[in-house]
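K.L.:
the following comprises the amino acid sequence and a computationally predicted model.
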Amino acid sequence: MRMRTLGSSDLVVSELCLGSMTWGTQNSTDEGHAQIDYALERGVNFIDTAEMYPVNPVLVETVGDTEVVIGKWLAKRGRRDDVVIATKASGANGLVRGGRGFDGANIGELIDASLRRLQTDVIDLYQLHWPDRGSYHFRQNWKFDPSGQDRARTADHMAGVLEALAAARKAGKIRHVGLSNESAWGASQWLRISEETGLPRMVSVQNEYSLLCRLYDLDMAEVSANENLALFAYSPMAAGLLSGKYQGGTAVPEGSRMSLNAGMGGRITPRLWAAVAAYVEIAERHGMAPAQMALAWTLTRPFMGSSILGSTSLEQLDLALGAADLVLSDEVLAEIEAAHKAHPMPF
């Protein structure tokens, strides 16, 4: 397993990160612990979680459960120094705090709550799950409506949050800060304010990125390159679609994400299956597992910090971790680019 320094931080992390989203609904606590144990055996040292997990389905009753699973593992194993832990504060939604998001007044409390659930004294990477001003991710990229935004209010909000994060870092509760589901303009504003004030600087941004979702390749990629802001990619296998297991929508394995969320968060479209088939065909023709090719491809990107994989079984986890040993030839990379041009942004 290769290691990378995450952006401008001093965090040295595995290029594959273990995601925890299924722990608490699709996976039990014991299954989550088995995944952590196995991932560490294979060289992973990076675990990502969030305040508002798990999904499938998202329920008020299960908010924070993935952090609890990790906390129980830490209490049982006592291996805190062996793992880099990343978690996230939820933006405004109907499930936490009566719809209130994070701000300078409450983010200290949110950090304390995550620390309690994680049963640790420090969070290595604390991320802002999505912008307070609205998100254009989660398939909301098809419409742009800035009518609810106010530049001055946004700047005040960012400064207040950064001041609270600085206090938490001074108290030893967090080490580094990052973004999630952020835009190029938003990321640039966070960085600008940090430079002007000396407040904590964002070191990473966790956005969706895969062969099927390449919004990051332009504006955000340029921000990454010039600002040393690493991409911490989620859904690199497009929620399992790039594994080929759904067979063009004709097969839905029991317990799979699609069995619990038929629309896959807006990813199922009339153009999707032809794109999936194109990538699966490339992988199989070159003797590769499609899921491994999809993951290995993300690791070739110049802005990549770490790619988050999620699994519901040790068999899936074993397959995904094999991507770390896969080297894609120039021929395969050229075929992937040709498929991308033929099937751009299928969802």
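P.N.:
That came through fine.

K.L.:
now residue 75: how far from residue 33?
P.N.:
Distance from residue 75 to residue 33, counting by C-beta to C-beta, to the nearest Å: 11 Å. Backbone N, C-alpha and C define where each C-beta goes, glycine included.

K.L.:
neighbour count winner among the two?
P.N.:
Legend: neighbour count by other C-beta atoms under 10 Å for residue 75 and residue 33, higher for residue 33 (18 against 12).

K.L.:
the more buried one touches residue 76, doesn't it?
P.N.:
Yes. The criterion here is C-beta atoms under 8 Å, and residue 33 meets it with residue 76 at 7.2 Å.

K.L.:
can you list the low-confidence ranges for this protein?
P.N.:
Within the chain, the segments meeting pLDDT under 70 span 54, 94, 248-251, 253, 255-256, 258-260.

K.L.:
ok, longest helix in it?
P.N.:
In the chain, with assignment by DSSP state H, the single longest helix is helix 151-170.

K.L.:
can you list the residues that contact that helix?
P.N.:
Applying C-beta atoms under 8 Å, 6 or more residues apart in numbering, the contact partners of helix 151-170 are 102-105, 107-108, 111, 126, 128, 132-133, 174-175, 177, 189-190, 193-194, 197, 199-200.

K.L.:
all helices for this protein, in order.
P.N.:
Using DSSP H, the helices of the chain run over 29-41, 65-77, 107-118, 151-170, 184-197, 219-227, 257-260, 272-285, 290-298, 314-321, 330-342.

K.L.:
quick one: which of those helices is nearest residue 92?
P.N.:
For the helices of the chain, proximity to residue 92 was assessed by C-beta to C-beta; helix 151-170 is nearest, at 11.4 Å.

K.L.:
list the buried residues in the closest one.
P.N.:
Neighbour-count burial for helix 151-170 flags 154, 157-159, 161-162, 164-169 (criterion: 16 or more other C-beta atoms under 10 Å).

K.L.:
what about the nearest residue to residue 243 once chain neighbours are set aside, neighbour count?
P.N.:
Excluding the flanking residues, the one nearest residue 243 by C-beta to C-beta, 6 or more residues apart in numbering is residue 291, at 4.2 Å. The tally of other residues near residue 291 (other C-beta under 10 Å) stands at 25.

K.L.:
among the helices of the chain, which is the most enclosed?
P.N.:
Comparing those by mean neighbour count (mean count of other C-beta atoms under 10 Å), helix 290-298 comes out on top with a mean of 24.

K.L.:
tell me which other helices or strands it touches.
P.N.:
Packing contacts for helix 290-298, counted by 3 or more C-beta pairs under 8 Å, 6 or more residues apart in numbering; DSSP states H and E, involve helix 272-285, strand 304-309, helix 314-321, helix 330-342.

K.L.:
dump the second one to PDB, restricted to CA.
P.N.:
Okay, so that is strand 304-309. These are the backbone C-alpha positions of strand 304-309, laid out as PDB (Å, rounded to 0.1, in the frame of the first residue of the first chain):
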ATOM      1  CA  MET A 304      -5.500  12.700  -5.700                       C
ATOM      2  CA  GLY A 305      -4.900  12.500  -2.000                       C
ATOM      3  CA  SER A 306      -6.700   9.300  -1.100                       C
ATOM      4  CA  SER A 307      -9.600   7.300  -2.600                       C
ATOM      5  CA  ILE A 308     -12.400   6.100  -0.200                       C
ATOM      6  CA  LEU A 309     -13.600   2.600  -0.700                       C
END
